[in-house]
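Undergrad: The sequence and its predicted three-dimensional model are supplied below.
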Amino acid sequence: NAGVTQTPKFQVLKTGQSMTLQCAQDMNHNSMYWYRQDPGMGLRLIYYSASEGTTDKGEVPNGYNVSRLNKREFSLRLESAAPSQTSVYFCASSRTANYGYTFGSGTRLTVV
Amino acid sequence: DQQVKQNSPSLSVQEGRISILNCDYTNSMFDYFLWYKKYPAEGPTFLISISSIKDKNEDGRFTVFLNKSAKHLSLHIVPSQPGDSAVYFCAATGNSGGSNYKLTFGKGTLLTVNP
């Protein structure tokens, strides 16, 4: 089925470790996004890529980096994980924001 | 500063009754509004949207109302079904000039529909 694929689904990291969350979409969407969801905080935008070759900071970018590898793939990197980055991470893509996002199923990350 | 507010963290209704979920926004540049539904352990899914040129949009059991002067929108579900139990996120965007704009989400409302 067409959609947004995120890997891994679950991950436990030790403080200070690094990792990359992968996201790929097969809908030929221009824009891709990374959100985090925390209890009582809703969905907060970390980084987004309006089109291939561009990336911009969202609401909570500190501690993260992103790469728009090509039109299909948008990765999120944690260089030195901290317990405050324990969260559920969602990748999404869209043709434009008005057409709504298609979300992946999420990555549950725990930093101990 | 929270630009999209869902002031009710939770709502409980009986099956068959109407569910009304509310959302307020502060940014006057927002001109397109969306509702997303999220089940546990899944990503949010798009439910219904409305442009600022309309005050109502209907899709089956789901209707969204927009009151621009009050900067308020609401999602009505009639009749409510147990399968509607989920977290509902309100989202907003401004789309000036056809550019890609990001969505700003509220914190969500957990709807529980009791059999």
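TA: Yes, it's here. Residues are numbered from 1 along each chain as shown, chains lettered A, B, ... in the order given.

Undergrad: Provide a list of residues in contact with A:Gly53.
TA: A:Arg68 (CB atoms under 8 Å, 6 or more residues apart in numbering or on different chains). (C-beta placed from N, C-alpha, C; glycine too.)

Undergrad: do the one 10 residues further on as well
TA: Neighbour list for A:Gly63: A:Leu78, A:Glu79, A:Ser80, A:Ala82, A:Ser84, A:Gln85 [criterion: CB under 8 Å, 6+ apart].

Undergrad: For A:Glu73, which non-adjacent residue is spatially closest?
TA: A:Ala24 (4.9 Å; CB to CB, 6 or more residues apart in numbering or on different chains).

Undergrad: typed the wrong thing, it's A:Asn70
TA: A:Glu52 (6.6 Å).

Undergrad: Does anything pack onto the least confident helix or strand in chain B by mean pLDDT? Which helices or strands?
TA: Taking mean pLDDT, DSSP states H and E as the measure, chain B has strand B:104-105 as its least confident helix or strand, at a mean of 90. In terms of contacts (3 or more CB pairs under 8 Å, 6 or more residues apart in numbering or on different chains; DSSP states H and E), strand B:104-105 is packed against strand A:42-49, strand B:86-93.

Undergrad: Out of these, which one sits most buried?
TA: Highest mean neighbour count among the helices and strands packed on strand B:104-105 (mean count of other CB atoms under 10 Å in any protein chain shown): strand B:86-93, with a mean of 24.

Undergrad: B:Thr109 touches B:Gln6, doesn't it?
TA: Yes. Between B:Thr109 and B:Gln6 there is a contact under CB atoms under 8 Å: 5.1 Å.

Undergrad: for chain A, what are the nearby residues on chain B?
TA: B:6, B:9, B:32, B:34, B:36, B:41-46, B:49, B:89, B:93, B:95, B:98-108 (CB under 8 Å from any CB of the partner chain).
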